[in-house]
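In: what follows is a predicted structure for the sequence shown.
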Amino acid sequence: RTKIAQLYADAETLGGQQVTVAGWVKSVRDMKNFGFVTLNDGSCFKDLQVVMNREALANYDEIAHQNVSAALICTGELKLTPDAPQPFELAATQIAVEGVSAPDYPLQKKRATVEFLRTQQHLRPRTNLFRAVFRVRSVAAAAIHRFFQDRGFVYVNTPIITASDCEGAGEMFHVTTIDPANPPLDDKGNVDFSQDFFGTAASLTVSGQLNAENFAMAFGDVYTFGPTFRAENSNTTRHAAEFWMIEPEIAFADLADDMDLAEDMLKYVIRDVMDRCPDELAMLNKFVDKGLIERLTHVANSDFARVTYTDAVKILEDAVAAGHQFDYPVSWGIDLQTEHERFLTEEHFKCPTFVTDYPAEIKAFYMRLNDDGKTVAAADCLVPGIGEIIGGSQREERLEVLERRIAELGMDPEQYKYYLDLRRYGTCKHAGFGLGFERLVMYLTGVGNIRDVLPHPRTVGSCDF
Ligand code: 4AD
Ligand code: MG
């Protein structure tokens, strides 16, 4: 059995030979005595044209009546066709029907909307759009691993069930072993969720960072790549309840090192996807985002902008003074909204932009306090079309400062005792970031909705397959 990708890679040697290819029908055209089947096997974006001749194919009529998405196994000679648009075709001498497709197959040749395709989660990977998106997703994942592995980073699998709320935003899904028919009750008679994980409280992780820091204090450079969960009820095009995050953590490193790493990683992944997915990107560039390839080429070859939060707020205030309208008013201290992020990266800098040194009040407890006493060494990377794609920071490595911060925020120090211990036993300057993998895939494909880069999206109102 030969994959279609192999035919394209090796056409010169395989030309003139007998090959067998298994795949799914994209279209069948019957011209009475001869006909064409367009077949795709998922091994590459390109299809294979199978030519059938009534004289050469015993079950010609059976094949001519197949519906879109039938599974076929086709054998015949691979004929090179230097004068045709496609480099070769398969002259079939035998076609076996592995599985017919019912005539009500919902995805006919006409281009369906992404909204309709979301209702067909089990079938949408068979469309050109999703074939392109999920190939890019796979290639980008491999590129990320290669980037870190080549640099000697250790890959750490951090737990999915956890006791600590890394981001402190209270957006955790509870994990429970509680029997709804017989729940433990507290003294007020309410269900006692502090007991829910075999006697202790537990949730699905919002970030592997705290565990990654643990390993960075032994291995130096580490990264995670795994699923994370947020119980935020935000029905937007860039939020999912379940998404994947890449979280490197680097020891003896500061915020500038962290941004350098993030920038190098993004450029590496962009170049790798451009190298390995030319057909997919060409399709996405044609049908999804006409500026995609030009933008990726530019980003891979130019410096990202870097601006402090304080200067970013000034830029936004100047824009308001010049007549630009934001829905959410701008002043020092606000959490930047998507409209602000997009203005900075799309209208002002016109390239990926790191915003650094945010007010401590709007950022997580673990970020390192700057000497001004009011900002922290944070860096978010914003990209045109999406906004925040990376959230990172230098971590607070000073025990007393961290203890004070935990107390100020009213957090339970007991819950963070292991994390605090890292500051007792050989603490060091360190930093890291979290890259939202789906947001990266949106950026790489030009797809505008996070639901369309997740194989099976878990978003508000979607958990059905
Ligand atoms: O900015 P966040 O919340 O940062 C952290 O979780 C840190 N602990 C990371 C670290 O320093 N190790 O999330 C990081 C990234 C965001 O920039 C965004 O790309 C993505 O995760 N993200 C989401 N993606 C999809 N759906 C959601 N609900 C997301 N929330 C965050
Ligand atoms: Mg963030």
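Out: Yep, that arrived. Ligands and ions are numbered 1, 2, ... in the order given.
In: get me the contact residues on the protein for ligand 1.
Out: For the chain, the residues in contact with ligand 1 (Cβ under 6 Å from any ligand atom) are 166-167, 207, 209, 230, 232, 239-240, 243, 245, 247, 388-393, 432-434, 436, 438-439. Placement of C-beta: from N, CA and C, glycine included.
In: out of these, which are buried?
Out: Buried members of the residues of the chain next to ligand 1, counted by 16 or more other Cβ atoms under 10 Å: 166-167, 207, 209, 230, 239-240, 243, 245, 247, 388-393, 432-434, 436, 438-439.
In: contacting residues for the closest residue to Lys350 other than its chain neighbours?
Out: Residue nearest to Lys350 in three dimensions, not counting chain neighbours: Pro384, with 7.3 Å by Cβ to Cβ, 6 or more residues apart in numbering. Contacts for Pro384 (Cβ atoms under 8 Å, 6 or more residues apart in numbering) come out as 295, 342, 345-346, 350-352.
In: any idea how far Pro384 is from Tyr309?
Out: 19 Å (Cβ to Cβ, to the nearest Å).
In: before we move on, what about Phe252?
Out: Distance from Phe252 to Tyr309, by Cβ to Cβ: 25 Å.
In: for those two, indicate the residue with more neighbours.
Out: Neighbour count, other Cβ atoms under 10 Å: between Phe252 and Tyr309, Tyr309 has more, with 23 against 12.
In: list the buried ones in stretch 27-38?
Out: Neighbour-count burial for stretch 27-38 [16+ other Cβ under 10 Å]: 28, 30, 34-35, 37-38.
In: now do stretch 305-321
Out: 305-307, 309, 312-313, 315-316, 319.
In: any low-confidence regions in this structure?
Out: 109 (pLDDT under 70).
In: now the residue of it most remote from its centre: how far from Thr93?
Out: Distance from the C-alpha centroid of the chain peaks at Glu55, with 49.4 Å (Cα atoms, centre = their mean). Look at Glu55 and Thr93: by Cβ to Cβ, they are 10 Å apart.
In: what about the strands in the stretch 201-350 of the chain?
Out: 203-204, 221-229, 242-251, 305-308 (DSSP state E, counting those that start in this stretch).
In: please identify the most buried of these.
Out: strand 242-251 (a mean of 23; mean count of other Cβ atoms under 10 Å).
In: now for that one, which elements pack on it?
Out: helix 209-219, strand 221-229, helix 255-276, strand 430-436, helix 437-445 (3 or more Cβ pairs under 8 Å, 6 or more residues apart in numbering; DSSP states H and E).
In: so how far is the first one off the chain centroid?
Out: Distance, stretch centre to chain centre, for helix 209-219: 23 Å (Cα atoms, centre = their mean, to the nearest Å).
In: so what does that helix touch, helix or strand wise?
Out: Using 3+ Cβ pairs under 8 Å, 6+ apart, helix 209-219 sits against strand 221-229, strand 242-251, helix 417-421, strand 430-436.
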